[in-house]
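Visitor: Whatever this is, show me its structure:
(chains A and B)
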Amino acid sequence: MTDDTPRTSVRMTVNGEDVETTFGTHKTLLEVLREELGLTGTKHGCELGECGACAVEVDGKPILSCLLMAAECDGAKVETVEGLMDDARLHPLQEAFADLGAAQCGYCTPGFLMTAKSLLDANPKATRAEVKEALSGCLCRCTGYQQIFDAVLSAADKMGRA
Amino acid sequence: MMHAFEYAAPKSLDEALKLLGSAWGDTEILAGGTDLLSLMKDFVVQPKRLVNLADVGLAGIAPEGDSLVIGAMTTLDALLAHASVPTALTQAAAGVHSPQLRSMGTIGGDLLQRPRCWYFRRGHGLLAQKDGASMVEAGDHRDHAVFGNGGAAKYVNPSSFAPALIALGASVKVRGQNGERSLAVKDLYRTPASATEREFTIASNEIVTHVVVPISRSSNATYEIRQRHGLDWPEASASVAVTVVDDKVTAASACLGHVAPVPWTVDVSSLVGSVLTAESAAAVAAEVVADATPLTMNGHKVELAKVALTRALLRAAGKEVVR
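Guide: As a prediction, the model looks like this:
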């Protein structure tokens, strides 16, 4: 980057916290979250919208942070995997992923967690078929997916009972 | 990682139009970004300025006279949530198997997304020529065109919605410096003759603002065939609109997707006058694909196009056999 690279400032609410940050205008939300805000839970995967590793929520909608210009996020409410925990308590999805072996190397896990969260927020009683459909834009090369589907359904069950 | 560029978020269409360059490549229009940002990361397009249409008021769906007018910035999610959107379109939207892409992607962006051809995406240009020969013909072309591929263009049109909109007789509104014009969706596309041309008939400083879908009583449907259940573009798709009166077909239109450099409109008028059955659907589909010109590796797409058309017709007629 040279000195005359266009720069942009935005104010956002990230995981409930107000932040103001300045970055090269050509940066994606993913790059700003990781490089400017130090939130490295959201992962760089394919960078092309094919793997789901960078999934976060913006204004309550599931989005891919690698395909969203950070410059578009002024005033936005962003939720990342770092915001899933409630104080020191894991989110039921995080607990279920740990308990049922839904994470192996873990690289895809933040994307799966955030995508599953978006699904269960919109559809708390999702069926296995609906879970599979919602997660079909997320790639995992370790688990073979079955444990992930099990974990999402187990968390949905627990959240329904809580 | 993308190269640096200037970013503009105009508040009106007029302002947006002034920001667009008169040569392709200098400026690009940003809609949902799901295609454009990938192209920029691969350095296939490297605009000096990006013009974001998010704030110019092009999102939303409203009836207008005998039509449904869909703003170009309307997302796939919004299409799926709207009760009046024709089935052929919602079935195409549902085919995008990613909740994120459905909440980000727009109908205008879908219509103007660039081909998935891997030669194009790796920087070899739309026509992928090397030393005057087609890299596509010489290389792996299993996903390439099986119709309309006699010239240099061998890629396939990637749009999910164009076949459905063409079958439904839809048009787009296009705004330029000199005002607004209307264009049949079919006429939005062309097969470029040279590597410097784009695959669209609009100019770089024109904006597709709305999609206008005639409200009809036709039964319509889209049937897409993918290699696997996950997130991917179809290998072949078919969209159809069929009008049935007293059990007999009185009008029928169809368009195939992902099989030619443009959405491939096909003639299914031989269905008119008789009852639509599994046999008549299969017969007209066989007639349609008899004209296909597959390359050496993609003969399977001819069969897939035939099956997609047969099943789209049966789906529209409510006679689909769900396997």
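Visitor: hey, C-alpha coordinates of the lengthiest helix in chain A in CSV?
Guide: Across chain A, the longest stretch assigned as helix under DSSP state H is helix A:146-161. In CSV, the C-alpha atoms belonging to helix A:146-161 read as follows (Å, rounded to 0.1, in the frame of the first residue of the first chain):
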residue,chain,number,x,y,z
GLN,A,146,-22.3,-35.9,10.4
GLN,A,147,-21.0,-34.8,13.8
ILE,A,148,-21.6,-31.2,12.8
PHE,A,149,-25.2,-31.9,11.9
ASP,A,150,-25.6,-33.9,15.1
ALA,A,151,-24.1,-31.0,17.1
VAL,A,152,-26.4,-28.4,15.6
LEU,A,153,-29.5,-30.5,16.2
SER,A,154,-28.3,-31.2,19.8
ALA,A,155,-27.8,-27.5,20.4
ALA,A,156,-31.2,-26.7,18.9
ASP,A,157,-32.7,-29.3,21.3
LYS,A,158,-30.9,-27.8,24.3
MET,A,159,-31.8,-24.2,23.3
GLY,A,160,-35.5,-25.2,22.9
ARG,A,161,-35.5,-26.7,26.4
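Visitor: Going by neighbour count, list what's buried in that helix.
Guide: For helix A:146-161, the buried set under the neighbour-count rule, 16 or more other C-beta atoms under 10 Å in any protein chain shown, comprises A:147-156, A:159. No exception for glycine: its C-beta is placed from N, CA and C like everyone else's.
Visitor: just stretch B:204-218 next, same as before
Guide: For stretch B:204-218, the neighbour count (16+ other C-beta under 10 Å) marks B:204-213, B:218 as buried.
Visitor: Any chance you could list what contacts stretch A:89-97?
Guide: For stretch A:89-97, the external contacting residues (C-beta atoms under 8 Å, 6 or more residues apart in numbering or on different chains) are A:84-85, A:98, A:102-103, A:109, A:112-113, A:116-117, A:120, A:148, A:150-152, A:154-155, A:158-159, A:162.
Visitor: Would you mind writing the CA trace of that stretch as PDB?
Guide: In PDB, the C-alpha atoms belonging to stretch A:89-97 read as follows (Å, rounded to 0.1, in the frame of the first residue of the first chain):
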ATOM      1  CA  ARG A  89     -20.500 -19.400  29.300                       C
ATOM      2  CA  LEU A  90     -20.100 -21.100  25.900                       C
ATOM      3  CA  HIS A  91     -23.000 -20.800  23.500                       C
ATOM      4  CA  PRO A  92     -25.000 -24.100  23.300                       C
ATOM      5  CA  LEU A  93     -23.600 -24.600  19.800                       C
ATOM      6  CA  GLN A  94     -20.100 -24.300  21.000                       C
ATOM      7  CA  GLU A  95     -20.700 -26.800  23.800                       C
ATOM      8  CA  ALA A  96     -22.300 -29.200  21.400                       C
ATOM      9  CA  PHE A  97     -19.500 -28.900  18.800                       C
END
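Visitor: strands paired with the helix or strand where A:F23 lies, and their directions?
Guide: Per DSSP states H and E: A:F23 is located in strand A:17-24. Using DSSP bridges, the strands paired with strand A:17-24 in its sheet are strand A:7-14 (antiparallel).
Visitor: In contact with residue 56: list those residues for me.
Guide: In the absence of a named chain, chain A is used. By C-beta under 8 Å, 6+ apart, the residues touching A:V56 are A:29, A:33, A:42, A:63, A:65, A:78-81, A:114.
Visitor: you looked at the wrong chain, it should be chain B
Guide: Contacts for B:V56 (C-beta under 8 Å, 6+ apart) come out as B:10-13, B:15-16, B:73.
Visitor: do the same with B:E224
Guide: B:91-92, B:95, B:160, B:234, B:236-237, B:257, B:308.
Visitor: so how far is chain A from the closest residue to B:W24 other than its chain neighbours?
Guide: Closest residue in space to B:W24, ignoring its immediate chain neighbours: B:S204 at 4.4 Å, by C-beta to C-beta, 6 or more residues apart in numbering or on different chains. The gap separating B:S204 from chain A is 20 Å, by C-beta to the nearest C-beta, to the nearest Å.
Visitor: what kind of secondary structure is B:S204 in?
Guide: Following DSSP: H, G, I helix; E, B strand; the rest coil, we place B:S204 in the coil state.
Visitor: backbone phi and psi for it, please?
Guide: The phi and psi values for B:S204, taken as degrees, to the nearest 10, are phi -60, psi -20.
Visitor: how's the chain carved up into domains?
Guide: No chain in the question, so chain A it is. Domain segmentation of chain A under automatic domain parsing yields A:7-83, A:92-161.
Visitor: Hmm, no, I was thinking of chain B.
Guide: B:58-214, B:219-316.
Visitor: Let's have these in CSV, adding mean pLDDT and distance to B:F43.
Guide: Below are these laid out as CSV (pLDDT from 0 to 100; distance: least, C-beta to C-beta, whole Å):
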stretch, mean pLDDT, distance to B:F43
domain B:58-214, 96, 7
domain B:219-316, 96, 21
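Visitor: And the ones you listed: which comes nearest A:T143?
Guide: With C-beta to C-beta as the criterion, A:T143 lies closest to domain B:219-316 of those, at 14.8 Å.
Visitor: do you know how far the one residue sitting closest to the centre of chain B is from A:T127?
Guide: Most central in chain B under C-alpha atoms, centre = their mean is B:S159, positioned 2.4 Å from the mean C-alpha point. Going from B:S159 to A:T127 by C-beta to C-beta, to the nearest Å gives 31 Å.
Visitor: would you turn the buried residues of helix A:146-161 into a markdown table with pLDDT and distance to B:Y155?
Guide: As requested, those are exported to a markdown table (pLDDT from 0 to 100; distance: C-beta to C-beta, whole Å):
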| residue | pLDDT | distance to B:Y155 |
| --- | --- | --- |
| A:Q147 | 96 | 39 |
| A:I148 | 97 | 35 |
| A:F149 | 98 | 36 |
| A:D150 | 98 | 41 |
| A:A151 | 98 | 40 |
| A:V152 | 98 | 37 |
| A:L153 | 98 | 41 |
| A:S154 | 97 | 44 |
| A:A155 | 97 | 42 |
| A:A156 | 97 | 42 |
| A:M159 | 92 | 45 |
